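In: just a sequence and a predicted model for now, questions to come.
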Amino acid sequence: MKQALINLRGIKAGILTEDEDGYTFQYDTEFLQSDVAEAVSLTLPLTEKAYHDKVLFPFSTG
């Protein structure tokens, strides 16, 4: 399993994980509760639920 810390404007926004099932992105709980919380991508709105996909999320390839 591989993991990457995702920062938005220098603040920890969440964790991107790669495993045998694909990719998971989970927003950080503290980030979600902060006044500066905003989505890292239009395709990944703010939520406590994890996002799962078999291919890498587009926000992370740019």
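Out: Thanks, I have it. Residues are numbered from 1 along each chain as shown.

In: the longest strand seen in the chain pairs with which strands, and in what direction?
Out: Among the segments of the chain that qualify as a strand by DSSP state E, the longest is strand 11-19. Its sheet considered, strand 11-19 pairs with strand 2-8 (antiparallel), strand 22-27 (antiparallel) by DSSP bridges.

In: most tightly surrounded among those?
Out: Greatest average neighbour count among the strands paired with strand 11-19 goes to strand 22-27 (a mean of 18), per mean count of other Cβ atoms under 10 Å. (C-beta placed from N, C-alpha, C; glycine too.)

In: could I get the buried residue list for the helix or strand just after that one?
Out: Under the assignment DSSP states H and E, the closest C-terminal helix or strand after strand 22-27 is helix 29-33. For helix 29-33, the neighbour count (16 or more other Cβ atoms under 10 Å) marks Phe31 as buried.

In: run through who's touching helix 29-33.
Out: Leu8, Ile11, Lys12, Ala13, Gly14, Ala37, Leu46, Glu48 (Cβ atoms under 8 Å, 6 or more residues apart in numbering).

In: how far does that helix sit from the chain's center?
Out: 12 Å (Cα atoms, centre = their mean, to the nearest Å).

In: and if you look at stretch 16-27?
Out: Distance, centroid of stretch 16-27 to centroid of chain: 9 Å (Cα atoms, centre = their mean).

In: what's next to that stretch, contact-wise?
Out: For stretch 16-27, the external contacting residues (Cβ under 8 Å, 6+ apart) are 1-4, 6, 13-15, 37, 40, 44, 46-48, 50-57, 60.
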